[in-house]
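> any chance you could fold what I've pasted below:
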Amino acid sequence: MAAEMNEPTVSPTSVTKLREAMDRLLSGKPLRTDGRLIKENLYKEAGVSRATMNRATSILAEWEDKSGGPQPRDRTIEHLQATDVEHRATIKNLRQKIRGLEDQLTAAATTIGELHVENQILRGQDPTRNVSPLRQDVSGAATRR
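Model prediction:
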């Protein structure tokens, strides 16, 4: 009796309608639906609201047992959610790799720039230096250009 008091109130008429609808669906003889074993068809077949069906927890538990548990749509949703989690993890890993590669690219560009300047200095082509090379005159005296 304590279990009955915890369960929300569902009229005996609604319980009867839900049980009859369950029997019709399970036997493959629906009157108002396409016959798929889903909760939506259960309440539509019974002619009650979804809220009424949801309050009938004992009938829903019986429905889960008799209809084979979660239906294909539920399994599809679960599969899609699991795939979504996997994809999110893959995206996170790829973003980390991208950040690492961007850091490497920045370091390489900096190194290349530094080497370019060093090469210019070694070749005497440094545009920041205002030193003119001395030219030696044939007579041996150094002259400035």
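> and the helix or strand containing Asn93, how far out from the chain's middle?
Using DSSP states H and E, Asn93 sits in helix 72-123. Averaging C-alpha positions (CA atoms, centre = their mean, to the nearest Å) puts helix 72-123 18 Å from its chain's average.
> any idea which element Val48 lies in?
Per DSSP H and E, there is no helix or strand for Val48.
> and for Lys29?
Here Lys29 is assigned to no helix or strand, by DSSP H and E.
> can you offset everything so residue one is 203?
Okay, residue one is now 203; in that scheme the one you just asked about reads as Lys231.
> and it, what pLDDT?
Lys231 is assigned a predicted lDDT (pLDDT) of 90.
> just give the nearest non-adjacent residue to Glu247, would you?
Spatial nearest neighbour of Glu247, excluding adjacent residues (CB to CB, 6 or more residues apart in numbering): Ala223 at 3.7 Å. Bear in mind the C-beta positions are built from the backbone N, C-alpha and C, glycine included.
> count of residues packed around Glu266?
13 (other CB atoms under 10 Å).
> quick check: it vs Glu247, distance?
Noted for Glu266: a distance of 16 Å to Glu247, by CB to CB, to the nearest Å.
> just checking, Gly237 is part of a strand?
No. Assigned with DSSP: H, G, I helix; E, B strand; the rest coil, Gly237 falls outside any strand and is coil.
> list the contacts of it.
227, 230, 243 (CB atoms under 8 Å, 6 or more residues apart in numbering).
> and those residues, which are buried?
227, 243 (16 or more other CB atoms under 10 Å).
> same list (the contacts of Gly237) but as CSV, adding distance to Ala258.
Listed next are the contacts of Gly237 as CSV, based on distance: CB to CB, whole Å:
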residue, distance to Ala258
Leu227, 15
Gly230, 22
Asn243, 15
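> looking at the contacts of Gly237, which is nearest Ile300?
Asn243 (47.4 Å; CB to CB).
> contacts only, for the nearest residue to the closest one once chain neighbours are set aside.
Once flanking residues are discounted, Asn243 sits nearest to Thr235: 4.0 Å by CB to CB, 6+ apart. Neighbouring residues of Thr235 by CB under 8 Å, 6+ apart: 227, 243, 246-247.
> show me those residues that map onto helices.
Mapping those onto helices (DSSP state H) picks out 227, 243, 246-247.
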